[in-house]
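Novice: Can you look at this prediction? I've put the sequence above it.
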Amino acid sequence: MTTTIVLQQAINGIVLGSLYVLVALGLTLIYGVLVQINFAHADFVTLGAFAAYFFMHLVGLGYIPSIAVALIVGAAMGWLINASIFTPLRRKNNELLPLIATIGVSVMMQNLMLAWFGPIPYAFETEFSRHVIRFAGIFVSWQNVIIIVVSALTIALLYVFMKFTFLGKALRAVSQDRETAGLMGINPNFLIMLTFVIASALAGMGGAMLAPVLVLTPFAGTSVIVKAFAIVIIGGFGNVEGTILAGLIVGLIESYTTQFLNPGLIDIVVFALLLLMLAIRPTGLISERREENV
């Protein structure tokens, strides 16, 4: 029985960790390239969740296509916000302006979604939530299988893109030294825009997969983003591999805390880990080395 419980909670932890990783990777990419924190990232998550919800219920094409729609909506919104707000502010050579702007964008998006969708929570149920796989006393819903598979594929594709494609290598070059990369014929502005698009697309996709797990409200992303920030810090700011590792660790910690301690202690345990990491290893699980970030 104990082994079954441990395995069950390990699966639950991997599911949670996969969701956290998708959200946290966008923060990591933006920080790795721009050394900037995007406080509006939570609202891209929420927007992706609502895009998936309304596409599935109004168009009726099912949950899997709604994930793709959320990804596209997140990418489009990331491009729009970057082009209209962040790019003009970066030209002013003041690092605080884009940071403050992300807070303003977050407040604006939250209130717009509150006005459009209302404060009443939405119940986001998919055709996969009701189907469960049973094996040796372990229960896994098809919804969780989709979360793990889609997250793993997304992480693998992102890794291949960053390590083996021309654009991925150029993006890493910009993260190391923007001015030198520009002198070598790389367009930093285009790659910064690409970073925002990819990060926002990941947030939108994460929202589509979080929505059936969480209660969907205009503030749904906010409940996840604080842990995403903690994961980025624990893993090592700007380090993709560290973010993936930290996300899975936090997911497993939450799952086992729920089972063996008390669900009310989840945040205490996670942020105790964060404080411990800051005290004994402030560079994170994988030390920040600028030439290897992103």
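Specialist: Looks like it came in fine.
Novice: Provide a list of residue ranges in the chain with pLDDT below threshold.
Specialist: Counting by pLDDT under 70, the chain shows low-confidence ranges at 1, 287-294.
Novice: Provide a complete list of residue ranges assigned to strands in the stretch 1-150 of the chain.
Specialist: If DSSP state E, counting those that start in this stretch is used as the criterion, the strands of the stretch 1-150 of the chain fall at 132-135, 138-141.
Novice: May I see these arranged in a markdown table, with distance to Gly251 and mean neighbour count as well?
Specialist: Using the backbone N, CA and C atoms, a C-beta is placed for each residue, glycine as well. Listed next are the strands of the stretch 1-150 of the chain as a markdown table, based on distance: least, Cβ to Cβ, whole Å; neighbours: other Cβ atoms under 10 Å:
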| stretch | distance to Gly251 | mean neighbour count |
| --- | --- | --- |
| strand 132-135 | 19 | 10 |
| strand 138-141 | 15 | 15 |
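Novice: Now for this protein: which helix has the highest residue count?
Specialist: Identified as the longest helix of the chain according to DSSP state H is helix 2-34.
Novice: sorry, back to before: and the strands of the stretch 1-150 of the chain as a markdown table, adding distance to Ile148?
Specialist: As requested, the strands of the stretch 1-150 of the chain are exported to a markdown table (distance: least, Cβ to Cβ, whole Å):
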| stretch | distance to Ile148 |
| --- | --- |
| strand 132-135 | 12 |
| strand 138-141 | 9 |
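Novice: Between the ones you listed, which one is closest to Phe190.
Specialist: Phe190 sits nearest to strand 138-141 of all these, at 41.0 Å, using Cβ to Cβ.
Novice: returning to that earlier point: nearest to Ser84, out of the strands of the stretch 1-150 of the chain?
Specialist: Nearest to Ser84 among the strands of the stretch 1-150 of the chain is strand 138-141 (39.9 Å), distances taken as Cβ to Cβ.
Novice: Fine, thanks again, bye for now.
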